[in-house]
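Asker: sequence? don't have it. structure:
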């Protein structure tokens with residue numbers, strides 16, 4: 001259940017609703033952007049988020065000739081392993097705490113089960129992320145080799161396929177022939193275009209193994225860090241304040257988990273157009289649903305055992 005929720009949250013679409021060409025920016029949105037200072041990627045993104053055409057135009061016109069490539073946010077590349085690993089870690093940990101609280105299990109058992117499970121699951125998630133990403137990239141590269149071979153042995157057929165694809169997407173036949181024929185002169189480039197347009201696959205970089213390893217490490221660290229947070233209250237508070245009842249410690253775990261879930265949702269909003277409050281609330285509510293299920297199951301099992 002937590003896996004379904006985590007997968008949903010980590011793959012939330014980040015694009016805003018489509019706007020028609022008739023959209024006119026309001027005076028408020030115009031005031032959000034100083035058109036005389038549209039010089040960096042931050043201003044360009046503000047122009048997009050407020051749909052200010054003039055601000056976007058000024059940004060592109062103000063760039064020097066040498067910097068013809070428009071920059072975009074690159075921090076989001078590790079967003080999925082951070083959010084997915086963090087959510088899975090904290091919800092898995094809290095599910096153990098909630099289940100134990102519902103079943104009336106002691107603090108020592110909670111700590112043993114919690115930390116051992118978090119470490120094992122973090123390793124499993126990290127290795128799984130690395131192997132799955134590596135396998136996907138290897139499959140994409142194998143498909144690229146096939147496309148490369150077909151281009152070398154029967155370029156006419158590949159060119160015709162691409163012309164048909166472009167025509168099916170609304171381009172006139174003669175325009176599609178001109179575009180595809182021109183691109184086919186540059187074989188490496190054209191093969192990558194075929195991968196994207198025909199197979200809808202993104203060819204990985206040459207150092208994809210390094211990136212896959214990085215994703216696995218980020219997944220492991222995110223899972224282990226966030227997964228340990230609900231358990232820290234069971235360690236810190238008894239150390240500082242002596243013996244405390246289990247209900248109080250469970251309440252602390254609930255508060256910590258709720259705050260962290262909300263903050264993770266707020267961080268996720270930085271890579272989308274969703275307002276931080278609604279993104280945080282969404283993550284909190286879905287995470288709370290997982291915790292409620294775990295607590296309820298713990299109570300039900302404990303009831304059956306004590307019957």
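Answerer: Received it, and whenever you're ready, just let me know what you need. Keep in mind it's a predicted model, so treat the numbers as computed, not measured.

Asker: going forward, measure contacts between C-alpha atoms and count neighbours the same way
Answerer: Fine.

Asker: just list what whichever strand or helix holds residue 175 packs against, helices and strands only.
Answerer: Taking DSSP states H and E as the criterion, residue 175 maps to helix 173-183. Counting contacts by 3 or more Cα pairs under 8 Å, 6 or more residues apart in numbering; DSSP states H and E, the secondary-structure elements packed against helix 173-183 are helix 155-168.

Asker: name the residues that touch the helix it packs on?
Answerer: The set of residues external to helix 155-168 that reach it, using Cα atoms under 8 Å, 6 or more residues apart in numbering, is 150, 151, 173, 176, 177, 180, 181, 184, 194, 197, 198.

Asker: can you give me phi and psi for the residue nearest the centre of the chain?
Answerer: Among the residues of the chain, residue 80 comes closest to the average C-alpha position under Cα atoms, centre = their mean, at 2.8 Å. Torsion angles at residue 80 (phi, psi; degrees, to the nearest 10) stand at phi -60, psi -50.

Asker: distance check, it against residue 93.
Answerer: Taking Cα to Cα, to the nearest Å as the measure, residue 80 falls 19 Å from residue 93.

Asker: I'd say residue 141 and residue 203 touch.
Answerer: Yes: here residue 141 lies in contact with residue 203, judged by Cα atoms under 8 Å, at a distance of 6.8 Å.

Asker: per-residue pLDDT, the residue nearest to residue 113 when sequence neighbours are not counted?
Answerer: Setting aside the residues directly before and after it, residue 113 is nearest to residue 96 in space (Cα to Cα, 6 or more residues apart in numbering), at 7.5 Å. Residue 96 carries a pLDDT value of 84.

Asker: and the helix or strand encompassing residue 96, what's buried?
Answerer: Residue 96 is located in helix 79-103, with elements delineated by DSSP H and E. Using 16 or more other Cα atoms under 10 Å as the burial criterion, the residues of helix 79-103 that qualify are 79-103.

Asker: again with stretch 142-149
Answerer: Residues of stretch 142-149 classed as buried by neighbour count (16+ other Cα under 10 Å): 143, 144, 147, 148.

Asker: determine which two of the contacts of helix 155-168 are furthest apart.
Answerer: Every pair in the contacts of helix 155-168 was compared (Cα to Cα); the two farthest apart turn out to be 150 and 173, at 23.0 Å.

Asker: where are the low-confidence patches of this structure?
Answerer: Segments of the chain classed as low confidence (criterion: pLDDT under 70) are 1-45, 47, 49, 59-60, 63-77, 242, 306-307.

Asker: and the longest helix for it?
Answerer: The residue-count maximum for a helix in the chain (DSSP state H) belongs to helix 107-153.

Asker: elements contacting that one?
Answerer: Under the contact rule (3+ Cα pairs under 8 Å, 6+ apart), helix 107-153 is packed against helix 79-103, helix 187-197, helix 208-241.
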